[in-house]
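Asks: Based on what follows, work out the 3D shape:
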Amino acid sequence: MSIVLRDVYRAFGTNQVLRGLDLEVQDGETLSVIGFSGAGKSVVLKHMVGLIRPDSGDVVVDGKNVNELDVEELNALRRDVGYVFQFAALFDSMSIAENVAMGLRRVPGTYEEEIVSRVRECLALVELEGIEDQYPSELSGGMVKRAGLARAIATRPKYLLYDEPTTGLDPVTVTVIDRLIVRMKEELGVTGIVVTHDIESAYRISDRIAMLHDGRIRICGTVDEIRGSDDPLLRSFLEGRPELAKRAS
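Replies: Numbering: from 1, shown residues only. Alright, predicted model coming up:
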């Protein structure tokens, strides 16, 4: 397994978000994490890169316990992890090329010509050729999301973490983003973890889907297994039927 969370607990004040969560992400797969709003899906992602530390339990990436890494080791690990934020989190005062190059400039021994070449390569991979000199305010929402993905892959990460990558996009643009997520796996060989509310998107991009509920993984399986499950809480989420959730509690 490339990423393993074992018996992870995390509270924020009196709010116990994770309650003994166990999750294993297999090398080379795309795993989608679904669940109701406030379930803690983004909290799970942030544990994987050490942005949040567990109160107890282990978070292991590439055989390394994230909880035990010092600052230098943690920074090295983060170079292997690309993070696609929900709203892209591009800097408005910087050009697209400057935004995409941010991570590359932190890699020791990287020359400027290498950075320029890699930025162009990454923008081409997300179908944004020729926009290096534009600014985020000049792009559509879908283009901004794709530029955020280009920044995430610039350092050639082993893992890509996507936080609600299709939120706020029209159906056509959602399909474009989904196709790019699949492309990252097929062409770059990255392991992907996707937090999403969009079950149709999850069906298109995922090898497996895990549902987070009450601080634990309620159910995890292939797309066919999730589609065919009769778990009432999962059906409530998939079908938008709150009465099923009440029956499951």
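Asks: Domain map for this structure?
Replies: 3-80+157-248, 94-156 (automatic domain parsing).
Asks: residue ranges with poor pLDDT in the chain?
Replies: Where the chain drops to pLDDT under 70, the residues are 1, 87-88, 241-249.
Asks: how close does Arg151 sit to Leu180?
Replies: Computed as C-beta to C-beta, to the nearest Å, the Arg151 to Leu180 distance reads 13 Å. No exception for glycine: its C-beta is placed from N, CA and C like everyone else's.
Asks: neighbour count winner among the two?
Replies: Counted by other C-beta atoms under 10 Å, Arg151 and Leu180 do not tie: Arg151 has more neighbours, with 28 against 19.
Asks: contacting residues for that one?
Replies: By C-beta atoms under 8 Å, 6 or more residues apart in numbering, the contact set of Arg151 is Gly82, Leu90, Asn99, Val100, Met102, Gly103, Cys122.
Asks: Narrow these to those in helices?
Replies: In helices, defined here by DSSP state H, the members of those are Asn99, Val100, Cys122.
Asks: returning to that earlier point: between the contacts of Arg151, which is closest to Arg227?
Replies: Each of those was checked against Arg227 using C-beta to C-beta; the closest is Gly82, at 28.9 Å.
Asks: in the sheet, who's paired with the closest one?
Replies: In this entry, Gly82 is beta-bridged to Leu160, by DSSP bridges.
Asks: any idea how far Gly189 is from it?
Replies: Taking C-beta to C-beta, one finds Gly82 at 13 Å from Gly189.
Asks: that older thread, going through the contacts of Arg151, which ones are buried?
Replies: Those of the contacts of Arg151 that meet the buried threshold are Gly82, Leu90, Asn99, Val100, Gly103, Cys122, by 16 or more other C-beta atoms under 10 Å.
Asks: thinking the last one is in contact with Arg156, fair?
Replies: No - using C-beta atoms under 8 Å, Cys122 and Arg156 do not qualify as a contacting pair, with a distance of 9.5 Å.
Asks: circling back: any chance of CSV for the buried ones among the contacts of Arg151, columns distance to Ile217?
Replies: Supplementary listing: these in CSV, determined by distance: C-beta to C-beta, whole Å:
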residue, distance to Ile217
Gly82, 23
Leu90, 32
Asn99, 34
Val100, 34
Gly103, 30
Cys122, 33
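Asks: which of those lies closest to Phe237?
Replies: Closest approach between the buried ones among the contacts of Arg151 and Phe237, by C-beta to C-beta: Gly82, at 27.4 Å.
Asks: Quick one: residues contacting Ser229.
Replies: Ile219, Gly221, Arg235.
Asks: Mind checking which of these are buried?
Replies: Buried among these (16+ other C-beta under 10 Å): Ile219, Gly221, Arg235.
Asks: Out of those residues, name the ones that lie in strands.
Replies: With strands defined by DSSP state E, the entries of the buried ones among the contacts of Ser229 inside them are Ile219, Gly221.
Asks: Isn't Ser32 up against Ser206?
Replies: Yes - counting by C-beta under 8 Å, Ser32 does reach Ser206; the two are 4.3 Å apart.
Asks: which other residues reach stretch 107-119?
Replies: Contact partners of stretch 107-119, identified using C-beta under 8 Å, 6+ apart, comprise Arg79, Ala97, Val100, Ala101, Leu104, Arg105, Glu132, Ala150, Ala154, Thr155.
Asks: just to revisit the earlier point, nearest to Ile193, of the contacts of Arg151?
Replies: Gly82 (10.8 Å).
Asks: Tell me how far the closest one lies from Lys158.
Replies: 9 Å.
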